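# below is the structure, and that's it, no one-letter string:
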């Protein structure tokens, strides 16, 4: 069986400019993510960054991507609208899944694919407890009923996302806030997962459960469809009821 | 109580160019829709068309609109992206509901608000039977278990919408096709309803049940929110757990 | 227009046996609920209790009930299975809505209607902050982005409910727990709302937002359907495609 | 890795009494289902029937079942309530998935697990076209946009199921009816899939796509949860916020 082609796209600016971010992720957040995805033998993981040629996603790569993982923050506005349109189209046609991490709640592709302005409440780094609300969902496989992140940036409700197709995790914060922190969206013939932890000053991507959740999500968002998806509206020229078909 | 302000926006091109469309809707599809909305005393209905100044929706009108009903087809591409962004923002912030009729499945605001490419299958005009799948939903109030449209344009699955938040109606077509023909979407703090009948060569907007459904949908999509919605991300500066609050 | 007939059913045992419960609700929790429902002129509110004749719900009353509100705790097992079956049937056929309050998560009708064992985590009384996750939903009308209950019994995740059709409120608790505290379920042709606050030792039903939520929920769960609902499976004897129907 | 333990439970009465049913399924519907499940090497498939000892499901078997597939019709009432309670409990606790086929819409376990009376419309055997509404869902993997069953019993809307968590397939029938024919339900910590084709006088289980769908569904409903599920309400005795946890 051929491998699942995963691209981990990172804005990759904070790690270059901030000592604190670099202390957590010396080679970039994307490199850390690749490290814990590489334990799965059927994943083929490629790194991409905003400052690479074609913003890291030339057509030759994008058209061979099964799952695109996205981390961005300070440079959301620099991502080209043409690239966003290509990503959105590929997800809607069921050719690629998308995983939006942390501050990608305000990224152009997340907002365009899901249909949201991505607004939420935020605040100081603090203790977060993540609760498992959907123990039967594949993304929750291997995750206990709760786990603790000693320090994570507060991202909280109201979070102006549509009602998710499935709500997998909920976050509790010391200051009195909660968050729909892991949420699945079906869009067109494709799938998207949003996961809230992952501030560059904190160490969420070092947590074994965060790693497991992202690995699980790769398998959940990967394309499943097996018939050619419409490029646009299709004129129906034959009556299906006249079609010939044999059964056994 | 103040009235609900409804704007019926119509591309209003087919009715000017086609004898057949004009025969069904002499003053335009929007005028017919206004006619059956006007029976409700608490609705204040305004007409708008693409060829009006500001494409029919100057800020002064848009910012006073509670519910925007949209019919467009041949000129989707002419609608300005700036206007679409304003509409989408208003819906996401819970200031306005949106009803997309028939060929609006490919309109810019429908695609942007819902998050879809809007693709579907289409074909010849034929008999459609619309089934009521959610009799307890307010949009289905007063609608029997099924009703028949003697002639309607085939719009059918695969329809590349996300799994709707509620699926209200399903359509059966003579040629062997089905359609998720009435679907609710919650987006941000706002609501959208898509309803499939309404081809300009057919007479769906003369059908009493179609009329009732659209009236019901106006009440369902109208804004409900009563707290000021975030303009963007809000820095949380106080611990809520320190706040003072009395009960009773 | 005829009034909406609401029955507030209360187990009404704690208030008789416990000084502390009686201090909060001297005439019973149901009487307090009736008090804040009575402010709406189109509601006709009746009280019922487990120790009344026919467990408070003779057929003559049940068959004239549009909305049944349920509070029970220590005597869940005493409620007769025959009564539960009648309640469930009435909800599924769209003749009555159901609101389950607090410890009704383990009541027979809640479990039967929703399809759940109702299990959850519980603990000591403490501060709860309730967050509004669906500001556009009718049940959230008039409710701010959050409000505080100074003392409420901990009810928390994992809560073994199905993914709700709409999740309206989320609860934050001091001890590190969260709860899906306001959740909508569509079942058959009917609707049910579960709301978590309401411990007999606390004073949630004195809180103005709790009162508003329950009032909103009455209007949301009340029956909408307007066609006769199947008593069982119906043999389809005519081809619908042969039916005669005129459109205007 | 250990195999997934599947039990195919069949009422197994029609095939013994009706020549016509036996012609389609000489060894019973369950034997046919086992035949096409056995092509998967990681499935261990056992047959069970109503007239077996313990109605086919002694505790020793049930407690070792990962996925229970159910076909019943004329003898729904004979299935013991105790057995139904055990099945429901096992699904809610995430220990077993459930697949309800065809006339199991009225079976006791389907009704109890989902929370529905299972009522629907039915009629004569006729051509059905099944449309794929969720091409990105694992249960739709390998299924084209539509396929045809030359003859299947009419099962149609209104079908009094709750809004499914995911609607995968829709059925079109010659007589003018439609059906939500493949639907997913999350219940408690478990999962259930309902699939409509499978009348004993027709040959749906010989169709390659029907077979593929049922195989896909086995993998989708199988338990995923990996933490011990609550046996009832759990008293929370420690403040989670005091717990000690190290992150890397």
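On my side now, so go ahead. These numbers were taken from a predicted model, which means no experiment stands behind them.

# centroid-nearest residue for chain A?
residue A:99 (1.0 Å; C-alpha atoms, centre = their mean).

# burial count for whichever residue of chain A sits closest to chain B?
Here chain A gets closest to chain B at one residue, residue A:115, 2.9 Å apart by C-beta to the nearest C-beta. Yep, even glycine has a C-beta here, placed from its N, CA and C like the rest. By the criterion of other C-beta atoms under 10 Å in any protein chain shown, residue A:115 has 24 neighbours.

# could you measure from the spatially closest residue to it that is not a sequence neighbour over to residue C:91?
The shortest distance from residue A:115 to any non-neighbouring residue, by C-beta to C-beta, 6 or more residues apart in numbering or on different chains, is to residue B:115 (2.9 Å). Residue B:115 sits 33 Å away from residue C:91, going by C-beta to C-beta, to the nearest Å.

# do the same with residue A:153
43 Å.

# out of the two, which sits in the more crowded spot?
Higher neighbour count among residue A:153 and residue C:91: residue C:91, with 29 against 23, using other C-beta under 10 Å.

# so what sits opposite the residue nearest to the centre of chain A in the bridge?
residue A:69, residue A:193 (DSSP bridges).

# so what's it up against?
Listed by C-beta atoms under 8 Å, 6 or more residues apart in numbering or on different chains, the contact partners of residue A:99 are A:67, A:68, A:69, A:70, A:192, A:193, A:194, A:195, A:214, A:217, A:218, A:221.

# near residue A:30, how many other residues are there?
Residues near residue A:30, counting by other C-beta under 10 Å: 26.

# which elements pack onto the longest helix along chain A?
In chain A, with assignment by DSSP state H, the single longest helix is helix A:208-221. With contacts taken as 3 or more C-beta pairs under 8 Å, 6 or more residues apart in numbering or on different chains; DSSP states H and E, helix A:208-221 sits against strand A:4-10, helix A:29-37, strand A:67-71, strand A:97-101, strand A:190-195.

# which parts of it are buried?
For helix A:208-221, the neighbour count (16 or more other C-beta atoms under 10 Å in any protein chain shown) marks A:209-221 as buried.

# follow-up on the earlier one: okay if I get the contacts of residue A:99 as TSV plus pLDDT?
Converted to TSV, those look like this (pLDDT from 0 to 100):
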residue	pLDDT
A:67	98
A:68	98
A:69	98
A:70	98
A:192	97
A:193	98
A:194	98
A:195	98
A:214	98
A:217	98
A:218	98
A:221	96
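
# can I get those residues in a markdown table with distance to residue A:170?
Shown next, in a markdown table, are the contacts of residue A:99 (distance: C-beta to C-beta, whole Å):
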| residue | distance to residue A:170 |
| --- | --- |
| A:67 | 24 |
| A:68 | 25 |
| A:69 | 22 |
| A:70 | 22 |
| A:192 | 18 |
| A:193 | 15 |
| A:194 | 13 |
| A:195 | 12 |
| A:214 | 18 |
| A:217 | 16 |
| A:218 | 22 |
| A:221 | 20 |
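
# which of those residues lies closest to residue C:39?
When the contacts of residue A:99 are ranked by distance to residue C:39 (C-beta to C-beta), residue A:194 comes first, at 40.6 Å.

# which residues of chain A score low on pLDDT?
A:1, A:225-248 (pLDDT under 70).

# repeat that with 80
The model of chain A has pLDDT under 80 over residues A:1, A:188-189, A:224-248.

# ranges for the strands of it?
In chain A, the strands defined using DSSP state E lie at A:4-10, A:43-49, A:67-71, A:97-101, A:121-132, A:146-156, A:166-173, A:178-187, A:190-195, A:234-235.

# for the third one, packing partners?
Using 3+ C-beta pairs under 8 Å, 6+ apart as the contact criterion, the elements in contact with strand A:67-71 are strand A:4-10, helix A:29-37, strand A:97-101, helix A:208-221.

# strands paired with the first one, and their directions?
Put plainly, it is strand A:4-10. strand A:43-49 (parallel), strand A:67-71 (parallel).

# now these in TSV, with mean neighbour count and distance to residue C:185?
Formatted as TSV, the strands paired with strand A:4-10 follow (neighbours: other C-beta atoms under 10 Å in any protein chain shown; distance: least, C-beta to C-beta, whole Å):
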stretch	mean neighbour count	distance to residue C:185
strand A:43-49	18	38
strand A:67-71	26	33
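
# need those strands in JSON lines with distance to residue B:171, can you?
What follows is those, written out as JSON lines (distance: least, C-beta to C-beta, whole Å):
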{"stretch": "strand A:43-49", "distance to residue B:171": "41"}
{"stretch": "strand A:67-71", "distance to residue B:171": "34"}
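
# among those strands, which is nearest residue A:4?
Taking the strands paired with strand A:4-10 one by one with C-beta to C-beta, strand A:43-49 is closest: 5.4 Å.

# contacts only, for residue A:140.
A:132, A:134, A:168, A:169, A:213, A:216, D:224, D:225 are the contacts of residue A:140 under C-beta under 8 Å, 6+ apart.

# ranking these by neighbours, who comes first?
Going by other C-beta under 10 Å, residue A:168 tops the contacts of residue A:140 with 29 neighbours.

# distance of residue A:56 from residue C:201?
58 Å.

# an error on my part: the question was meant for residue A:206.
If you go by C-beta to C-beta, the gap between residue A:206 and residue C:201 works out to 43 Å.

# likewise residue A:42?
From residue A:42 to residue C:201 the distance is 54 Å (C-beta to C-beta).

# so between the two, which is more surrounded?
residue C:201 (14 against 10).

# number of nearby residues for the residue lying closest to the more buried one once chain neighbours are set aside?
Closest residue in space to residue C:201, ignoring its immediate chain neighbours: residue C:20 at 5.3 Å, by C-beta to C-beta, 6+ apart. The local packing of residue C:20 (other C-beta under 10 Å) involves 12 other residues.

# check residue A:23 too.
For residue A:23, the count of nearby residues is 12 (other C-beta under 10 Å).

# likewise residue A:94?
23.

# which residue packs closest to it, ignoring adjacent ones?
residue A:189 is the one closest to residue A:94 (C-beta to C-beta, 6+ apart), at 3.0 Å.

# wait, doesn't the one you found sit right on residue B:160?
Yes - at 6.0 Å, residue A:189 and residue B:160 qualify as touching, with contact defined as C-beta atoms under 8 Å.

# the two: which is more packed in?
Higher neighbour count among residue A:189 and residue B:160: residue A:189, with 26 against 21, using other C-beta under 10 Å.

# now that one: how far from chain C?
21 Å (C-beta to the nearest C-beta, to the nearest Å).

# and if you look at residue A:22?
32 Å.

# any idea how many residues pack against that residue?
Neighbours of residue A:22 using other C-beta under 10 Å come to 15.

# so what's residue A:210 up against?
A:149, A:195, A:197, A:198, A:204.

# ok, of those, which one's closest to chain D?
After measuring the contacts of residue A:210 against chain D - C-beta to the nearest C-beta - the closest member comes out as residue A:149, at 6.9 Å.

# need the nearest residue in space to the closest one, chain neighbours excluded.
Taking C-beta to C-beta, 6+ apart, and ignoring the residues beside it in sequence, residue A:149 has residue A:128 as its nearest neighbour in space, at 4.6 Å.

# ok, now which ones touch that neighbour?
So residue A:128 contacts A:148, A:149, A:152, A:154, A:171, A:172, A:173, A:174, A:181, A:197 (C-beta under 8 Å, 6+ apart).

# still on that earlier bit, so which of the strands paired with strand A:4-10 is nearest residue B:79?
strand A:67-71 (28.8 Å).

# residues touching the closest one, excluding its own?
So strand A:67-71 is in contact with A:4-11, A:29-30, A:33, A:62, A:87, A:96-104, A:107, A:109-110, A:198, A:214, A:218, A:221-222, going by C-beta under 8 Å, 6+ apart.

# likewise for stretch A:2-10?
A:28-30, A:33-34, A:37, A:42-50, A:56-57, A:61-62, A:64-72, A:218-219, A:222.

# same check on stretch A:72-79?
Taking C-beta under 8 Å, 6+ apart as the rule, stretch A:72-79 contacts A:9-11, A:13-14, A:50, A:55, A:102-104, A:106-109, A:200.
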